[in-house]
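Visitor: The sequence isn't on hand, but the structure is:
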């Protein structure tokens, strides 16, 4: 009963408080300082300024997104995930939010959630006010499917990368790995050869051991 009484009283107290007024000017100033610090790779400072901006305007998705990237750079993945998910709630069609959510979950080790977000990034390309690098997004998808041993899916996305950029050497190598796992030897060896020609030295041992 004692704990219930405390909770009940506090609830009344909170209900009587006035909602904090959003200070757009202060929030914007903190946001600009945060961006400058982030660009200078001062990620702890950036995180602190993004936090100040969020305290002034907690419903701004850009502030949450910025702090999420700062947390990501600081390898604080739990906090990065919390902020990026809040940002996505406010702006569900922003492809860059989903792309970086994919990066966060990839580093966190949740490959399935990474795939979900990379796919949403691709689906939402053109819907938001920011365009993502599709080559990077498709490469990340290919890498995720390679890790998940979904080799046929991996080849699809590495092929998309190569369609965008014929000189994306590591995409040839990784597609070669996927084709090797699929026992498509001729395709795998073509990819390893292309990768080696484009500067991927480790492809040489694959050619020697697998293709000869």
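Guide: On my side now, so go ahead. Fair warning: this is a prediction, and the values are worked out from it, not measured in the lab.

Visitor: Please make it C-alpha for all contacts and neighbour counts, starting now.
Guide: Fine.

Visitor: so the spatially most central residue of the chain is in which element?
Guide: For the chain, the residue sitting closest to the mean C-alpha position, by Cα atoms, centre = their mean, is residue 100 at 2.1 Å. Using DSSP states H and E, residue 100 sits in helix 95-108.

Visitor: What is the helix or strand just after that helix packed up against?
Guide: Downstream of helix 95-108, the next assigned helix or strand under DSSP H and E is helix 111-123. Judged by 3 or more Cα pairs under 8 Å, 6 or more residues apart in numbering; DSSP states H and E, helix 111-123 is in contact with helix 95-108, helix 134-147.

Visitor: mind listing the helices for the protein?
Guide: For the chain, helices defined by DSSP state H occupy the ranges 2-16, 24-39, 43-56, 61-73, 77-90, 95-108, 111-123, 134-147, 151-164, 169-181, 185-197, 203-206.

Visitor: Any idea which of those helices has the lowest pLDDT on average?
Guide: Note on the helices of the chain: lowest mean pLDDT is at helix 2-16, with a mean of 33.

Visitor: Which among the helices and strands packed on helix 111-123 is found nearest to residue 59?
Guide: Relative to residue 59, the nearest member of the helices and strands packed on helix 111-123 by Cα to Cα is helix 95-108, separated by 15.2 Å.

Visitor: Find the nearest non-adjacent residue to residue 168, please.
Guide: Nearest residue to residue 168, sequence neighbours excluded (Cα to Cα, 6 or more residues apart in numbering): residue 162, at 6.2 Å.

Visitor: right, I mislabeled it, should have said residue 154
Guide: Excluding its sequence neighbours, the residue lying closest to residue 154 (Cα to Cα, 6+ apart) is residue 142, at 4.3 Å.

Visitor: Next: residue 29.
Guide: residue 53 (7.8 Å).

Visitor: so how far is residue 84 from the one you found?
Guide: Applying Cα to Cα, to the nearest Å, the value for residue 53 to residue 84 is 16 Å.

Visitor: got it, and residue 48?
Guide: Distance from residue 48 to residue 84, by Cα to Cα: 16 Å.
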